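[1] pasting the structure only:
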């Protein structure tokens, strides 16, 4: 195996017994870093400290990730203009705060034979929210539902609180 010392020095290719002896003398662990290499690469290091540092880097990476939240408004083909107005107002608020919005129109019974009614509703919702959001996924049928996803418009130079 190829051995790398605790201070980063390359010992070259050494037998396993010799690598264990070097690790014991240093009071550290022998860790296989790259098992698929020819020959495998091992390093003399403190394994507990290695795991701690790796977990610390993973936590830091998670902290910098951006979480995208999807809110949903549910309608029916028979939903009135007045009630749809409430839902669109909520969707506008969510899009302005940087969230995605999923618009779902649920069909019941024979309503599914008239998808054009739902398409008209989707177009009206898209037009009403065109100033704050863009269509990320066009309206499409998923079983007895029609689904459309809207994403917020990205403004340059502004940051979300």
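    Cool, the structure landed. Note that the structure is predicted; figures quoted are calculated from it, not measured.

[2] quick one: the lengthiest strand in the chain to chain centroid distance?
    In the chain, with assignment by DSSP state E, the single longest strand is strand 133-142. Distance of strand 133-142 from its chain centroid, counting by Cα atoms, centre = their mean, to the nearest Å, is 19 Å.

[3] residues in contact with the residue nearest the centre of the chain?
    For the chain, residue 67 is the residue whose C-alpha lies nearest the centre (Cα atoms, centre = their mean; 6.5 Å). Neighbouring residues of residue 67 by Cβ atoms under 8 Å, 6 or more residues apart in numbering: there are none. Just so you know, the C-beta spots here come from the backbone N, C-alpha and C atoms, and that holds for glycine as well.

[4] circling back to that earlier point, name the surrounding residues that touch the longest strand of the chain.
    With contacts defined as Cβ under 8 Å, 6+ apart, strand 133-142 is touched by 91, 95, 100-101, 103, 115, 118-119, 122, 126, 146-153.

[5] which of those residues are buried? Put it as a ChimeraX command.
    Applied in ChimeraX, the following selects the buried portion of the contacts of strand 133-142 according to 16 or more other Cβ atoms under 10 Å:
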select :91,95,100,101,103,115,118,122,126,146,147,148,149,150,151,152
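
[6] give me the contact list for stretch 14-22.
    1, 2, 3, 5, 11, 30, 42, 44.

[7] show me the shaky parts of this structure.
    Applying pLDDT under 70 to the chain flags the ranges 155-161.

[8] could you chop it up by domain?
    Here the chain is described, according to automatic domain parsing, as comprising the domains 2-62, 70-152.

[9] most packed of these?
    domain 70-152 (a mean of 15; mean count of other Cβ atoms under 10 Å).

[10] quick one: end-to-end distance for that domain.
    11 Å (Cα to Cα, to the nearest Å).

[11] again, but for stretch 24-35
    One end of stretch 24-35 to the other measures 21 Å (Cα to Cα).

[12] in which helix or strand does residue 33 reside?
    Assigned by DSSP states H and E, residue 33 falls within strand 29-34.

[13] that strand packs against which elements?
    helix 16-26, strand 41-45, helix 47-64 (3 or more Cβ pairs under 8 Å, 6 or more residues apart in numbering; DSSP states H and E).

[14] pull up the pairing partners for it, direction included.
    Take DSSP bridges as the rule and strand 29-34 pairs in its sheet with strand 41-45 (antiparallel).

[15] what angle do the partner strand and helix 16-26 make?
    20 degrees (axes from the mean of the first three to the mean of the last three Cα atoms, to 10 degrees).
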